[in-house]
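[1] any chance you could fold what I've pasted below:
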Amino acid sequence: MVERMAVDAILRGLDPEQAAIVQAIGGPVVVTAGAGTGKTRALTHRIAYAVATDQVTASQVLALTFTTKAAGEMRSRLSGLGVSGVQARTFHSAALRQARFFWPRVNDSPLPPVRDKVLPLVAEAAGRCRVAVDTARLRDLAGEISWSKVCNVPADMYVPVAASAGRSVGGVAPEQVAAVITAYEQVKHRAAVIDLDDILLVTLGLMMQQPGVAQQVRAQYQHFVVDEYQDVSPVQHALLKAWLGDSDDLMVVGDPAQSIHAFAGANVAYLLGFGQEFPAARRFELTRNYRSSGVVVSYANALAARSQGRVKAVRLRAAAQAEEPPVTQMGCADAPSEIAALVAWLSDRAKDGVDWASMAVLYRVNAQSVLVEAALAAAGIPYTVRGAERFYERAEVKAALAAWRGLATTRPDDPSSALRDALVGLGWTPEPPDGQGRQRENWESWQALAMMLEALPPGETVAAAMVRVEQQAEEQQAPAAPGVVLATLHASKGLEFEAVAIIGVQEGLLPFALATTPDQLAEENRLLYVGVTRAKRWLYLSWDGSRRRPSRFISAPETLQARQPQAPRQKKRLRTCRVCGKALLAGADIKLGRHADCPSSYSDELLQALKAWRLQRATDDKVPAFVVFSDTTLIAIAEARPATAEALLAVSGVGPAKLERYGEAVLGMVADD
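    Numbers count the residues shown, from 1 in each chain. The predicted structure is shown next:
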């Protein structure tokens with residue numbers, strides 16, 4: 001038994017509900033944990049308490065999560081509590097580790113390589129079945145193949161099961177989908193590879209068919225913890241039961257109100273029915289929300305109450321009681337008005353002192369980000385798009401790290417300059433590109449890596465820096481980007497921000513047009529609930545009232561009218577070059593106020609003074625220089641030589657927030673030149 005002091009330290013700071021969970025050692029235990037209620041804290045402290053009181057051996061604990069990042073955070077927290085040796089892994093990571101160990105011993109051959117990019121295999125299978133495909137349809141077919149596997153639906157049963165589940169692939173008959181599923185397995189077998197879903201199936205097969213394997217695994221792991229249990233699929237549930245065997249030493253934590261992955265095979269019934277599966281289970285609830293203001297919590301509770309599905313959310317209680325800003329619901333006349341109102345709201349939050357990186361814009365589908373990206377770029381607001389692809393698995397990130405390793409061999413004591421030169425060689429510049437799409441995505445990835453330079457300790461060697469990055473990559477700890485986060489509602493799960501804006505909260509998007517069954521509509525409601533509960537203090541919801549009604553999910557939509565324009569919209573004025581007078585068409589030229597090849601009129605001394613001031617201000621504020629002003633904006637200022645605040649505000653790239661923050665200093669330098 002360890003000293004009482006160590007045990008008291010583990011229990012210190014827990015609320016009564018968390019403390020009860022932490023001391024409920026042994027299973028089965030089910031915890032329903034609402035958004036922002038400290039479930040990870042309760043989970044990790046429970047493991048630490050069990051180990052510290054000698055009730056559990058750390059090496060016999062298998063803690064399962066759904067993301068590599070969550071597993072890394074769990075290991076980090078346990079380490080901070082003085083606990084090492086616990087296996088905190090995703091289902092796939094734990095299964096792959098076992099499959100790689102046992103497969104060669106059973107089959108006298110290595111485990112086939114795992115193919116993580118399966119679209120070429122799906123394309124070949126579709127071709128064999130004479131199914132015409134484009135990229136979108138390929139992705140839909142790949143998703144359907146994955147769903148059939150994680151739900152244990154064989155190809156010969158796909159048609160009736162998919163019909164009862166309300167599933168379909170646009171433009172492909174169910175019988176054709178079943179044929180593609182069969183052909184895909186044949187293509188994969190011929191290529192001698194397995195996919196990510198096969199990892200779980202292979203391990204489950206070893207556990208079920210090889211008694212010696214099952215016995216060895218159960219001897220190793222005797223205490224199980226599962227986070228986000230509402231996201232468990234049938235195959236994951238079967239594998240967990242195989243790992244448990246006759247044991248019931250299992251704790252699961254989940255939130256039915258955040259069950260948003262049924263389309264991928266997740267089944268909330270395992271969380272809801274835990275008491276029937278384990279009649280001796282002890283049940284706990286976490287309802288005290290530590291993330292959001294009381295206003296946001298009240299809005300989230302009302303939203304959850306309007307769901308008509310079988311899943312009922314816990315009623316959250318706000319830990320914060322201070323007066324907070326109200327939730328904003330904004331009906332707009334049309335799509336451009338909605339985007340303009342969004343940019344204004346974000347700018348107002350910046351005036352309130354909220355960092356750009358502490359704001360998020362959330363939406364239902366990726367296509368909604370296009371107009372937002374263009375508007376933020378035009379307003380000079382930095383942003384980053386968060387996609388489903390893991391940061392360190394992006395092609396541009398892999399290329400950058402490979403180039404860094406190559407250059408680092410010639411300068412082992414200077415990791416910073418080696419990384420910067422590697423990025424420049426790939427095409428990175430300190431200023432973001434004007435357009436969107438892949439070019440912008442590449443720049444965002446490289447910019448995030450460039451930000452790592454500031455975090456490198458002075459005097460660190462390349463070898464040490466490489467170890468640091470490899471550890472971050474293993475735990476999916478992506479470097480933070482200094483801008484507003486743009487993400488789908490699905491991708492926002494697990495994140496939190498001071499200010500959250502959700503756009504397109506209207507019929508056809510929320511709920512999505514393809515959601516027609518009661519269960520699908522209820523999941524759309526939960527998806528909006530997830531987005532709402534990402535907000536700490538500021539919450540904003542908007543919709544385009546020109547084509548759709550506001551979402552049925554938001555409060556009293558019949559009383560909320562779309563904002564109408566006060567006057568006829570004016571035809572957009574064509575901007576002309578201040579030097580030659582001809583039209584400006586390129587974004588960079590419009591921002592500069594002249595064609596790039598037209599002669600400039602700025603003073604070199606003034607421009608250099610502005611750049612020196614920008615560098616010092618960026619250093620003081622601990623942000624990249626472009627966040628203050630881009631090079632193009634500084635050149636435009638030097639050329640325009642504004643003498644008043646109004647004239648400075650007229651320069652492209654200078655908005656109200658930047659005028660308030662930097663205007664006095666800039667106008668002073670112009671006057672002194």
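
[2] for this structure, which strand is longest?
    Assignment by DSSP state E gives strand 535-544 as the longest strand of the chain.

[3] tell me the strands beside that strand, with direction?
    Using DSSP bridges, the strands paired with strand 535-544 are strand 328-332 (parallel), strand 497-502 (parallel).

[4] among those strands, which gets the worst mean confidence?
    Among those, strand 328-332 carries the lowest mean pLDDT, at a mean of 93.

[5] and it, how far from the chain's centre?
    Distance of strand 328-332 from its chain centroid, counting by CA atoms, centre = their mean, to the nearest Å, is 25 Å.

[6] which helices and strands does the next helix or strand after that strand pack with?
    Using DSSP states H and E, the helix or strand that follows strand 328-332 towards the C-terminus is helix 335-351. The helices and strands touching helix 335-351, judged by 3 or more CB pairs under 8 Å, 6 or more residues apart in numbering; DSSP states H and E, are strand 328-332, strand 359-363, helix 369-378, strand 497-502, strand 535-544, helix 656-672. (Glycine included, C-beta is placed from N, CA and C.)

[7] quick one, which of the ones you listed is nearest to H92?
    Minimum separation from H92 across the helices and strands packed on helix 335-351 (CB to CB) falls at strand 359-363, 26.6 Å.

[8] quick one: contacts of the closest one?
    With contact meaning CB atoms under 8 Å, 6 or more residues apart in numbering, strand 359-363 is reached by 342, 346, 349, 369, 372, 383, 484-489, 492, 495, 497-504, 509, 531, 534.

[9] what does stretch 292-308 give?
    By CB under 8 Å, 6+ apart, stretch 292-308 touches 35-36, 257, 289, 312-313, 315-318, 320-322, 324-327, 518, 521-522, 525-526, 528-529, 532-533, 535-537, 539, 553-555.

[10] of the residues you listed, buried ones?
    Neighbour-count burial (16 or more other CB atoms under 10 Å) applied to those gives 35-36, 257, 289, 313, 316, 318, 320, 324, 327, 521-522, 525-526, 528-529, 532-533, 535-537, 539, 553-554.

[11] just those: which are in helices?
    When the buried ones among the contacts of stretch 292-308 are checked against helices (DSSP state H), the matches are L521, A522, N525, R526, L528, Y529, V532.

[12] relative to A450, which of the residues you listed is nearest.
    Distances from A450 to these, taken by CB to CB, are shortest for V532, at 33.5 Å.

[13] run a quick neighbour tally on the closest residue to that closest one other than its chain neighbours.
    Leaving aside its chain neighbours, V532 sits nearest to A300 (5.0 Å; criterion: CB to CB, 6 or more residues apart in numbering). A count of nearby residues for A300, using other CB atoms under 10 Å, gives 29.

[14] for the closest residue to A19 other than its chain neighbours, give me its contacts.
    Closest residue to A19 apart from its sequence neighbours, by CB to CB, 6+ apart: L11 at 6.0 Å. L11 sits next to A19, V22, Q23, H45, Y49 when contact means CB under 8 Å, 6+ apart.

[15] just to check, the last one is in contact with I25?
    Read it as Y49. Yes - using CB atoms under 8 Å, Y49 is in contact with I25, at 7.2 Å.

[16] who has more neighbours out of these two?
    Higher neighbour count among Y49 and I25: Y49, with 24 against 16, using other CB under 10 Å.

[17] if I look at that one, what pLDDT would I see?
    Reported pLDDT for Y49: 94.

[18] distance from the chain centre to the helix or strand hosting it, please.
    If you go by DSSP H and E, Y49 is part of helix 39-52. Distance of helix 39-52 from the chain centroid (CA atoms, centre = their mean) equals 25 Å.

[19] could you point out which element follows that helix?
    With DSSP H and E, the next secondary element past helix 39-52 is strand 61-65.

[20] any idea how far that next one is from the chain center?
    The answer for strand 61-65 is 22 Å, by CA atoms, centre = their mean.

[21] pull up the pairing partners for that strand, direction included.
    By DSSP bridges, strand 61-65 pairs with strand 87-90 (parallel), strand 223-226 (parallel).

[22] for the last one, the distance to its chain's centre please.
    Taking the mean C-alpha point of strand 223-226 and that of its whole chain, the gap between them comes to 25 Å (CA atoms, centre = their mean).
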